[in-house]
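Enquirer: Predicted model and sequence follow; I will ask about them next.
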Amino acid sequence: MTDATYNSETTSALLYLNGISVSFDGFRALNELSFVIEPGEMRAIIGPNGAGKTTMMDVITGKTRPDTGDVFFEQGKYDLSTLDETEIATLGIGRKFQKPTVFEMHTVEDNLQLALKNDRGVKATLFWKSSPEQEARIDEVLETVRLKALRHRVAGSLSHGQKQWLEIAMLLAQDPKLLLVDEPVAGMTDVETMQTAELLREINRTKSVVVVEHDMAFVRELGVKVTCLHEGSVLAEGSIDQVSANDRVVEVYLGR
Ligand SMILES: Nc1ncnc2c1ncn2[C@@H]1O[C@H](COP(=O)(O)OP(=O)(O)OP(=O)(O)O)[C@@H](O)[C@H]1O
Ligand SMILES: [Mg+2]
């Protein structure tokens, strides 16, 4: 642990990034990045291309090890910067990447069964009969993401937006405490974008969420605290109105 300054905010935090730096060949993608996510919170992260948003998620999930700093999870109980990707996933952190990675040849239901049993390998899972509890879980997540009617459809035939929702459902099937979602509405129609905001708000009733997005109408619709990253650090934090009125945010991001 580095010189973490503990106060009531950081000790009650679900997630506390403390002075995270990451360099790639001498380029600082994250520069002493610190912020706190409270239990039950949904946070929107914005910022220009290359600001370090995806790298921040890579650090939280153990894909990238920080050069300096700590990542405390669950009131400081765990330091994620010392754990590997599997251990971090097991603690209840689920991540959705930018591009949908559903199994196109399989049905919506099969994709969810794979998510429930992803430690068994694809083949074993497809021939394995699911339990009533798992069926109930699949029903529940399909209901949440509004794909119940498409349960037996082949995932490859879904719209781009529906594939993104299926992938969110696959994350939910594993019942994470914290969901990290990278640019979920990129390529979606306006209607799908607003439906996704509603979906994430619903998910946030029971789970904490960190969502990276460039779509400001979507971020506004979420109605949550916003953090703007720039050059690997926090440039501004607050309500959407506060952050959008910040001169530096306008200069480096919104005024593009
Ligand atoms: N594995 C890597 N190797 C080298 N450089 C990298 C690597 N990953 C990220 N970078 C660099 O780090 C910087 C931050 O990238 P990152 O992907 O985190 O930005 P971002 O905020 O997610 O941007 P965008 O909005 O475009 O998705 C960029 O300059 C990027 O080129
Ligand atoms: Mg990114």
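Expert: Right, received. Where do you want to start? Numbers count the residues shown, from 1 in each chain. Ligands and ions are numbered 1, 2, ... in the order given.
Enquirer: Please state the mean pLDDT value computed over stretch 153-171.
Expert: The average pLDDT within stretch 153-171 is 95.
Enquirer: Ok, stretch 188-200 next?
Expert: When pLDDT is averaged along stretch 188-200, the result is 96.
Enquirer: Same question for stretch 108-116.
Expert: Stretch 108-116 comes out at a mean pLDDT of 91.
Enquirer: ok now it, how far from the chain's centre?
Expert: Its chain's C-alpha centre and that of stretch 108-116 lie 19 Å apart, by CA atoms, centre = their mean, to the nearest Å.
Enquirer: go on, stretch 132-146?
Expert: 20 Å.
Enquirer: in that stretch, what's buried?
Expert: Buried residues in stretch 132-146, counted by 16 or more other CB atoms under 10 Å: Gln134, Arg137, Ile138, Val141, Leu142, Thr144, Val145. For glycine as for every other residue, the C-beta is placed from the backbone atoms N, C-alpha and C.
Enquirer: Next one: Phe35 from Val145, what distance?
Expert: For Phe35, the distance to Val145 equals 28 Å [CB to CB, to the nearest Å].
Enquirer: whoops, I mixed them up, Arg137
Expert: Distance of Arg137 to Val145, computed by CB to CB: 13 Å.
Enquirer: who touches both of the two?
Expert: Residues touching both Arg137 and Val145 by CB atoms under 8 Å, 6 or more residues apart in numbering: none at all.
Enquirer: one step back: what's the closest of the buried residues of stretch 132-146 to ligand 1?
Expert: Nearest to ligand 1, judged by CB to the nearest ligand atom, of the buried residues of stretch 132-146 is Val145 at 23.8 Å.
Enquirer: In contact with that closest one, which residues?
Expert: With contact taken as CB under 8 Å, 6+ apart, Val145 is in contact with Trp165, Leu166, Ile168, Ala169, Leu172, Leu199.
Enquirer: Filter the residues you listed down to the ones in helices?
Expert: Among those, the residues falling in helices (DSSP state H) are Trp165, Leu166, Ile168, Ala169, Leu172, Leu199.
Enquirer: Could you work out the most separated pair of these?
Expert: The most widely separated members of those are Leu166 and Leu199, with 11.8 Å between them, by CB to CB.
Enquirer: Neighbour count: these two, which is higher?
Expert: Neighbours were counted for Leu166 and for Leu199 using other CB atoms under 10 Å; Leu166 has more, 25 against 19.
Enquirer: looking at it, that one is touching Thr101, isn't it?
Expert: No - contact criterion CB atoms under 8 Å: Leu166 and Thr101 do not qualify, at 10.2 Å.
Enquirer: Measure how buried Thr101 is and give me the count.
Expert: Applying other CB under 10 Å, we find 11 residues neighbouring Thr101.
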